[in-house]
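# build the 3D model from these lines:
(2 chains)
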Amino acid sequence: MKKYTSRFDKERLFLGIAAPLLAIVAALVVTALVILATGKNPGPAFNDMLTYGTASDSQVYILNKATTYYLAGVAVAIGFRMNLFNIGVDGQYRLAAFIAAALGGALTLPGIVSIPLIILCAMAVGALWAAIAGVLKVTRGVSEVISTIMLNSIATAVIAYLLQPGRLGELDRAGTKVSTEPLPSGSQFFVFDTGAAGELWGFIVVSAVVGVLYWFVLGRTRFGFDLRTVGMSESAASASGVGVKKMIATSMILSGAVAGLIGMPTLLNDSHEFSNDFPGGIGFTGIAIALLGRNHPIGIALGAMLWGFLERTTNHLEFQGYDKEILGVIQGVIVLCVVIAYEVVRRYGIKRQQQRVGAELAAQAAGPVKKQEVA
Amino acid sequence: MVANRDIDITVHRGTVHALCGENGAGKSTLMKILYGMQKPDEGTITVDGEQVSFATPADAIARGIGMVHQHFMLADNLTVLENTVLGAERLHGIGAKARRRIEEISGAYGLNIRPDAHVEELGVADRQRVEILKVLYRGARTLILDEPTAVLVPQEVDALFDNLRELKSEGLTVIFISHKLGEVLSVADEITVIRRGTTVGTADPRSTTAKQLAELMVGSELPSPETEESTVTDRPMLTVDGLRLTQTDLDGVERVILDDISFTIHQGEVLGIAGVEGNGQSELVEAVMGMRDPGSGRIRLDKDDITHVATRRRREEGIGYIPEDRHRHGLLLEAPLWENRILGHVTERPNSKGGLLDLRAARADTARIVAAYDVRTPGIEVTAASLSGGNQQKLIVGREMSHRPKLLIAAHPTRGVDVGAQAQIWDQIREARREGLAVLLISADLDELIGLSDTLRVMYRGRLVADADPTTITPEELGSAMTGAAAGHLEHVDDSPEDEAR
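Coordinates of the predicted model:
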């Protein structure tokens, strides 16, 4: 018995890795073709990416980026595990970061009090913004895809309205940038000093904790089992006693709360204020990363680091005479390939397992069937 | 996996040829090959002396082979005429010519078709005739009928058989797939039996008994659903009182789905509910399980009022549930077996302690269920989807029984299950009943219902219209109440097959 189960596991592991690997290889091939088409040699470009991307300052940069991306990936993945497509992560984190920044700027408490307050405030805002979509879905049947897209636009408008001098924003001395009041230095998050390589953001610790919690809650708790059940089959979940509607609303809120954290590494470790050039669009990056990481806590981490690596290295390519649009091409192709490869591998895996089970059982029950004639 | 091997079958023109075998024996795969939905790895198919190869159903239709599927493929909101010409507009257009052709076919084979009726107004038997018409309209000379009697009551089955005889006398060929032996013997001219994917023999219906045929089909003795002496006690376990359920459809019209349903199941009693599917049985089950909130009425489980209690609480209180559609309601197909063992009982031991799952205990208990209930699987890490229907069902039965339910709701517990597994499931229900389990049994298999039940009720259009004594009643007598032709207490009449309504 044991033998069969372990073999299935190995095969499943192989299939799990095959899809993203396939996607990345395909993306490299397509990128090489694109670079060739622009009349340049892709060889040195890849070489430069590898050497520059593994330099120690690049490593720190990539990890800092990945800290943010990881949170975005987890926020989206919580929805995915539930069969919910939370496109609104983008609006949720921007609104959350903005309100938390405004609160942080107004607070004059010691860091040990104000930092948790800022983080909790961000999570609450993200959760509330997502809850609107969750409540609309369970009470009125509004698709979360539509409502979260619209909530993204509303968040943009709300931020634009409030981030003005006289409201929650203030104009800097040069008169070019509007931002919230900067956090007092006591409310800044700790960093790891890595010397010449730069500063590694301390928020990476929070990201890691979120990852562990995500794994633990989904895989080891009753609540997580209920959530996954709804994601796999709503009808089976409701027959098994899970309150499907409540679960949908809850997971939307959870996804929003994690989304609220996305802006925190930047706010607490880097910018210390929310301005009109606060990084945007990370919610959509999160979708790509969750897909790439198969909603798995470690997969998402690898995806987040890959994304950071690509950004870091393609920026540098520009100085080598290559076009910076290469980044978009690689990322786009990876996402496309990932979606296709997963579906192909998933179907293959199911079919293969069915065949194997059939073969095992046929071997067990192998008895010749004799033909006989009645009457 | 080899679904079919060494299949030898010869069907003569102008005959009804029955193909029988247990569920999962490979009948459907064979039919899919004949109808061009699946390609064989080896072997040949010959039609009228000419070797053919079908890549798609269209090729099969072009050769005059048509298929009537087990699940009807009709658009409810279109008329019979529209459904018939849909996709075959080139043949006779969509107007008067098509109507003439339909009336011609209907007249020639006694199908009794009303071209302008909307399909949603038709009953199951009428819909089936429309499916047959569709196939004939496309020029089929050979009809494949996949388990056509599964959805019919005995009287409708007789009418269908009359239609088949009509088709035969006009020189058409019918391939009739079934595992109901009585029907096969009464309508077929020739019988081919399939077992484990291969043809194991042919039989002549005039000189074969049902028992011989069954043994050929199963390869061993046939199980029977009969229970021994009654174990009914006088302690009520489930009491349903005046249950009413309505549903407002899209047009804002309120439809009554369940009306004035009252019954009591005692400890150790099996209450069987007979009825044509779609008469409210599924909704009744969902109301008792808490998946639908009844408009009025009361449901009591062992003295506790559970009318509005959540499904999870009901399960914890001791309701076991074998759903009619195990893929939709009973399993997580893409999850491993041990997760399926947790499904529905996540708050109970051994699956969890406090708020945390106990994976080790759940896995160990899954292995126990697999062994105790003879679930054929190479391990507990495989997905539920990779098991056969019978083994999936055994896993579900094992799971539900493992929590020692007070009340078991069994909806079609042996549907799509092979004969071996069927016997096991019946045994388990009987054994639990001896120990005081109350069972609400819903089944389309009238032999199963009559054999297992202590009390029988008949459901028709959302009401319990009749009751009967399972020790004397016959399937035919039940059937007339299922179509609404009889009501009240059904009394078995010895000399006349017709029953009387009182």
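# who in the stretch 201-350 of chain A is up against chain B?
Within the stretch 201-350 of chain A, the positions adjacent to chain B are A:219-226, A:228-229, A:232-233, A:235-236, A:238-243, A:350 by Cβ under 8 Å from any Cβ of the partner chain. The way it works is simple: take the backbone N, C-alpha and C, and place the C-beta from them, glycine included.
# ChimeraX command for the buried members of these?
Burial among those is assessed by 16 or more other Cβ atoms under 10 Å in any protein chain shown; the matching ChimeraX selection reads:
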select /A:220,221,222,223,224,225,226,228,229,232,233,236,238,239,240,241,242,243
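# now, which of the residues of the stretch 201-350 of chain A next to chain B lie within helices?
Cross-referencing these against helices under DSSP state H gives A:219-220, A:222-226, A:228-229, A:232, A:235-236, A:238-240, A:350.
# grab the most central residue of the chain for me.
Just going to use chain A. residue A:73 (0.9 Å; Cα atoms, centre = their mean).
# that's the wrong chain, I meant chain B
residue B:415 (5.3 Å).
# was I right to think it contacts residue B:323?
No - counting by Cβ atoms under 8 Å, residue B:323 is not a contact partner of residue B:415; they are 10.5 Å apart.
# enumerate every residue touching residue B:432.
Contacts for residue B:432 were tallied using Cβ atoms under 8 Å, 6 or more residues apart in numbering or on different chains; they are B:401, B:405, B:408, B:439.
# my bad, residue B:484
B:460, B:461, B:465.
# quickly find the element holding the last one.
Just to be clear, that refers to residue B:465. Per DSSP states H and E: residue B:465 is located in strand B:463-468.
# in terms of secondary structure, what does that strand contact?
With contacts taken as 3 or more Cβ pairs under 8 Å, 6 or more residues apart in numbering or on different chains; DSSP states H and E, strand B:463-468 sits against strand B:254-266, strand B:455-460, helix B:475-482, strand B:488-490.
# export the ones you listed as a markdown table, with columns for mean pLDDT.
As requested, the helices and strands packed on strand B:463-468 are arranged in a markdown table below (pLDDT from 0 to 100):
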| stretch | mean pLDDT |
| --- | --- |
| strand B:254-266 | 85 |
| strand B:455-460 | 87 |
| helix B:475-482 | 77 |
| strand B:488-490 | 77 |
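# so what are the domain limits for chain B?
According to automatic domain parsing, chain B comprises the domains B:16-218, B:223-318+B:406-502, B:330-403.
# do you know the pLDDT at the residue nearest to the centre of chain B?
Here the pLDDT value assigned to residue B:415 is 79.
# for it, helix, strand, or coil?
Secondary structure for residue B:415, judged by DSSP: H, G, I helix; E, B strand; the rest coil, is coil.
# just the strands in the stretch 51-200 of chain A please.
For the stretch 51-200 of chain A, strands defined by DSSP state E, counting those that start in this stretch occupy the ranges A:170-171, A:178-179, A:191-193, A:199-201.
# reformat those as a markdown table; add mean pLDDT.
Below are the strands of the stretch 51-200 of chain A laid out as a markdown table (pLDDT from 0 to 100):
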| stretch | mean pLDDT |
| --- | --- |
| strand A:170-171 | 80 |
| strand A:178-179 | 84 |
| strand A:191-193 | 83 |
| strand A:199-201 | 87 |
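# for chain A, what's the nearest residue on the stretch 301-450 of chain B?
Closest contact between the stretch 301-450 of chain B and chain A, by Cβ to the nearest Cβ, is at residue B:312 (3.1 Å).
# any low-confidence regions in chain B?
The model of chain B has pLDDT under 70 over residues B:1-5, B:22-25, B:28, B:196, B:218-229, B:249-252, B:493-502.
# try it again with 90
Low-confidence segments of chain B (pLDDT under 90): B:1-270, B:274-284, B:286-319, B:323-339, B:343-365, B:367, B:370-394, B:401-406, B:411-438, B:443-502.
# name the residue most distant from the centre of it?
Relative to the C-alpha centroid of chain B, counting by Cα atoms, centre = their mean, residue B:354 is the outermost residue, at 39.6 Å.
# how much space separates that residue from residue A:47?
From residue B:354 over to residue A:47 the distance is 55 Å, taken as Cβ to Cβ, to the nearest Å.
# cool, thanks, signing off.
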